[in-house]
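> what's the 3D shape of this:
(2 chains, ligands or ions: 2)
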Amino acid sequence: MTTYLLEETISNLRSGGVVSILSLVTIMLTTIIVSVLVLLHNAIRAEVTAIKDATAIIVFLHDDISENEQQRLQFDIEDLEMVERVVYVSKKQALARGQQIFNEFASIVQGFELVNPLPASLEVHLKDEALEQQTLRKTAGYIRVMSEKIDEVTYEQFTSTFIRRAEFGILGLGGIMGVASIIIVAFSVVLTVYFRREEIEILRLVGASSWYVGLPLITQGGILGASGSLLGVTTTFVLFRALTTQFRTLSFIPFHQTALIVLVSTVFGLLASIFPTLKYADV
Amino acid sequence: MGVNQSWTNKSFSVVGVYIVHLTPAALYFRLSLRPKFKDQSTMIQAYNVNMCYKEDIQVLHDVSFQVQKGEFTFLVGESGAGKTTILRLLYRGLVPTNGELVVAGRNLSTLSKSEIPHFRRQIGVVFQDFKLLSNKTVQENVAISMKVMGIRRSEIRNNVNQLLHQMSLVHRRDAYPEEISGGEQQRVAIARAMANNPTILLADEPTGNLDPKLSLEIMRLFENFNFRGTTVLVATHDIALVRQLGRRVIRIQEGQSIEV
Ligand SMILES: Nc1ncnc2c1ncn2[C@@H]1O[C@H](COP(=O)(O)OP(=O)(O)OP(=O)(O)O)[C@@H](O)[C@H]1O
Ligand SMILES: [Mg+2]
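Ligands and ions are numbered 1, 2, ... in the order given. From the prediction side, this is the model:
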């Protein structure tokens, strides 16, 4: 039965000819696009996480602020609606961070230790939904006038609205390409059934069961989905390696996501071939 | 044979006088009186079969006949008389417009779609247009009727070898249908029809492309097959061949059947 299934499926693919190749190429292209989208998505995700971890608003404090004043200010800011938490960074901690960042120029920073020009600051972490240009500016302006001892207030320019839109765009494009692939696979099975209608009729006349006729057609869809997506993922990987030899920081799609892409593509291929098989192969 | 036929009709009319057009109960009785033929000796039964391909073109008019188990029968008639149509009805390639058909113990009007494959495996058919698989070799074509039944490979191979031998096709076993002559194609079709050892063999002009000598040889093969228990129905207009064999003949004329 398995040898038969394989034989028939391969012969189906062969009789599909150009259309088989066309559907393979479409699935491959879709997979490439989806893989690139997933790559981008992963990169943006990482970025978002970085932003979320980073401080949204930094409140630089005058050197002469008292501990009391600083604590009151901190509590006041924490009471604001959009604020998640506030972290106090002392002059010393600021210097330590600076030393860490400017490792190579440690000697320069070392010279600062006596005078330490870096101010103490309050790092204001906002809630996710507040990570948006308008809210950021408003909150920053509000904080600016809360105390005389505030030197300056800065905030991140990057907004989560942009990220959310990018994610929607990616999902949408991926979805459209997915639907296109399903249609093409279904089309290729319809065409196979059309090319082989005489053969299917003969098989039925000599007593072939619905399974005997239908299973190779459905397998055909599954094989198209699996091999097309494998080709696509491989191509993406090769391109990725070729293009990112300079920037080693970007990493490829993790294995579980790659496997998921191939799996979903295979399942879609199977599903896409069930309908035309039932409808046109009269099984 | 004629006796048997008229007996059936008579019993139908006698019972009919009493119960036709009465009650649902009567309807039930009528249904139960559909030709069921518990009589195992009847292999093919056609009762008042009408067939219209298109609404206004009636091809068969009240065709009734029967073929007993183990019989070798010819179905003759001019071109266009409806021979192929009758055979198609018998293997459930067509559904009659009305009338009843019982083949190999199955009333075809109660045959569900999923039962068709199993039903057809009992019937070997030599199609008038052969219906060979163009992308399969001669031996693969012969094997296909066994393959769809899930018969083991070794058994298929033995059987195919034997049939190819009988049909003098051994040297052409790896050729594709388009690479062999019409007569050779016909013999492949015959071999395939006989391969799964069917209960009934339906052959539609099986000697149409063969010379008289080979035709007779094929008929002898059918007789041999018949001798081993298969019921054979051969549609042909080769009257000389029919005379030579001296078997029972069912004639189709203007869409009606006449027993000869
Ligand atoms: N699919 C079809 N649609 C409409 N009419 C058909 C169809 N098939 C056959 N007919 C008509 O039905 C009639 C009987 O055809 P059939 O093929 O049964 O004849 P036959 O006895 O087998 O003839 P031959 O000896 O030439 O094979 C013919 O008039 C034919 O034109
Ligand atoms: Mg005919």
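
> please report the distance of residue B:86 from residue B:236.
Distance of residue B:86 to residue B:236, given as CB to CB, to the nearest Å: 13 Å. Quick note: C-beta positions are derived from backbone N, CA and C, even for glycine.

> shared neighbours, those two?
Shared contacts of residue B:86 and residue B:236, defined by CB atoms under 8 Å, 6 or more residues apart in numbering or on different chains, comprise residue B:75.

> who has more neighbours, the two?
residue B:86 (30 against 21; other CB atoms under 10 Å in any protein chain shown).

> what is the helix or strand hosting the more buried one packed up against?
Counting by DSSP states H and E, the element that carries residue B:86 is helix B:83-90. Packed against helix B:83-90 by the contact rule (3 or more CB pairs under 8 Å, 6 or more residues apart in numbering or on different chains; DSSP states H and E) you find strand B:42-54, strand B:57-68, strand B:72-76, strand B:98-103, strand B:200-204, strand B:231-236.

> grab the nearest non-local neighbour of residue A:252.
Here the nearest residue to residue A:252 in space, its sequence neighbours aside, is residue A:240; by CB to CB, 6 or more residues apart in numbering or on different chains that works out to 5.6 Å.

> quick one: the helix or strand hosting residue B:161 to chain centroid distance?
With elements delineated by DSSP H and E, residue B:161 resides in helix B:153-166, which encompasses its position. Shown here is helix B:153-166, whose average C-alpha point lies 23 Å from the average C-alpha point of the whole chain (CA atoms, centre = their mean, to the nearest Å).

> got the CA coordinates for that helix in PDB?
Once non-C-alpha atoms are left out, helix B:153-166 reads as follows in PDB (Å, rounded to 0.1, in the frame of the first residue of the first chain):
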ATOM      1  CA  ARG B 153       2.400  -8.700  -5.400                       C
ATOM      2  CA  SER B 154       3.700 -12.200  -5.800                       C
ATOM      3  CA  GLU B 155       0.200 -13.500  -6.600                       C
ATOM      4  CA  ILE B 156      -0.400 -10.700  -9.000                       C
ATOM      5  CA  ARG B 157       2.900 -11.400 -10.800                       C
ATOM      6  CA  ASN B 158       2.100 -15.100 -11.300                       C
ATOM      7  CA  ASN B 159      -1.400 -14.400 -12.500                       C
ATOM      8  CA  VAL B 160      -0.200 -11.600 -14.900                       C
ATOM      9  CA  ASN B 161       2.500 -13.900 -16.300                       C
ATOM     10  CA  GLN B 162       0.000 -16.600 -17.000                       C
ATOM     11  CA  LEU B 163      -2.500 -14.200 -18.700                       C
ATOM     12  CA  LEU B 164       0.200 -12.500 -20.800                       C
ATOM     13  CA  HIS B 165       1.100 -16.000 -22.000                       C
ATOM     14  CA  GLN B 166      -2.400 -16.900 -22.900                       C
END
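
> can you get me a residue count around the residue lying closest to residue B:51 once chain neighbours are set aside?
Closest residue to residue B:51 apart from its sequence neighbours, by CB to CB, 6+ apart: residue B:60 at 4.0 Å. By the measure other CB under 10 Å, the count of residues near residue B:60 is 25.

> wait, what's in contact with residue B:60?
Residue B:60 sits next to B:49-51, B:82, B:85-86, B:96, B:255-256 when contact means CB under 8 Å, 6+ apart.

> residue A:221 falls within a helix, correct?
Yes: going by DSSP: H, G, I helix; E, B strand; the rest coil, the assignment for residue A:221 places it inside a helix.

> circling back to that earlier point, check the secondary structure at the residue nearest to residue A:252 for me.
Reduced to three states by three-state DSSP, residue A:240 is helix.

> with residue A:64 instead?
If you use three-state DSSP, then residue A:64 falls in the coil class.

> for ligand 1, see how far away the residue of the stretch 151-260 of chain B found nearest chain A is.
In the stretch 151-260 of chain B, the residue that lies nearest chain A is residue B:192 (7.1 Å; CB to the nearest CB). Between residue B:192 and ligand 1 the computed distance is 20 Å (CB to the nearest ligand atom, to the nearest Å).

> burial count for that residue?
The number of residues packed near residue B:192 is 30, by other CB under 10 Å.

> my read is that it contacts residue B:142, right?
Yes: counting by CB atoms under 8 Å, residue B:142 is a contact partner of residue B:192 at 5.0 Å.

> lowest-pLDDT helix or strand in chain A?
Ranking every helix and strand in chain A by mean pLDDT, DSSP states H and E puts helix A:106-112 at the bottom, with a mean of 58.

> which non-adjacent residue is nearest residue B:127?
According to CB to CB, 6+ apart, the nearest residue to residue B:127 is residue B:204 (5.9 Å).

> partner residues bridging the one you found?
residue B:235 (DSSP bridges).

> confidence score at it?
For residue B:204, the pLDDT comes out at 96.

> also residue B:30?
Note for residue B:30: predicted pLDDT of 47.

> can you give me the buried ones in the helix holding residue B:161?
Of the residues in helix B:153-166, those buried by neighbour count under the rule 16 or more other CB atoms under 10 Å in any protein chain shown are B:156, B:159-160, B:163-164, B:166.

> just stretch A:65-83 next, same as before
Buried residues in stretch A:65-83, defined by neighbour count with 16+ other CB under 10 Å: A:65, A:70, A:73-74, A:77, A:80, A:82-83.

> do the same with stretch A:224-236
Judged by neighbour count (16+ other CB under 10 Å), stretch A:224-236 contains these buried residues: A:224-233, A:236.

> export these to JSON lines and tack on pLDDT, secondary structure and distance to ligand 1?
Rendered in JSON lines, the data for those read as follows (pLDDT from 0 to 100; DSSP: H, G, I helix; E, B strand; the rest coil; distance: CB to the nearest ligand atom, whole Å):
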{"residue": "A:224", "pLDDT": "87", "secondary structure": "helix", "distance to ligand 1": "35"}
{"residue": "A:225", "pLDDT": "90", "secondary structure": "helix", "distance to ligand 1": "38"}
{"residue": "A:226", "pLDDT": "93", "secondary structure": "helix", "distance to ligand 1": "41"}
{"residue": "A:227", "pLDDT": "92", "secondary structure": "helix", "distance to ligand 1": "41"}
{"residue": "A:228", "pLDDT": "92", "secondary structure": "helix", "distance to ligand 1": "40"}
{"residue": "A:229", "pLDDT": "93", "secondary structure": "helix", "distance to ligand 1": "44"}
{"residue": "A:230", "pLDDT": "94", "secondary structure": "helix", "distance to ligand 1": "46"}
{"residue": "A:231", "pLDDT": "94", "secondary structure": "helix", "distance to ligand 1": "45"}
{"residue": "A:232", "pLDDT": "93", "secondary structure": "helix", "distance to ligand 1": "46"}
{"residue": "A:233", "pLDDT": "93", "secondary structure": "helix", "distance to ligand 1": "50"}
{"residue": "A:236", "pLDDT": "90", "secondary structure": "helix", "distance to ligand 1": "52"}
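
> and the nearest residue to residue A:278 once chain neighbours are set aside, how many residues sit next to it?
Closest residue to residue A:278 in three dimensions, ignoring its sequence neighbours and counting by CB to CB, 6+ apart: residue A:214, at 7.6 Å. The burial metric for residue A:214, expressed as a neighbour count using other CB under 10 Å, is 20.

> close to ligand 2: what parts of the stretch 101-250 of chain B are there?
residue B:128 (CB under 5 Å from the ion).

> now the residue nearest to residue A:278, what's its secondary structure?
On the three-state scheme (three-state DSSP), residue A:214 is labelled helix.

> does it touch residue A:279 like I think?
No: the pair formed by residue A:214 and residue A:279 falls short of the contact definition of CB under 8 Å, at 11.1 Å.

> and chain A, which of its residues are near chain B?
When proximity is defined by CB under 8 Å from any CB of the partner chain, chain A lies next to chain B at A:1, A:4, A:11, A:15, A:198-199, A:201-210, A:212.

> rerun at 10 Å
On the criterion CB under 10 Å from any CB of the partner chain, chain B has as its neighbours in chain A the residues A:1, A:3-4, A:7, A:11, A:14-15, A:196, A:198-199, A:201-213, A:282-283.
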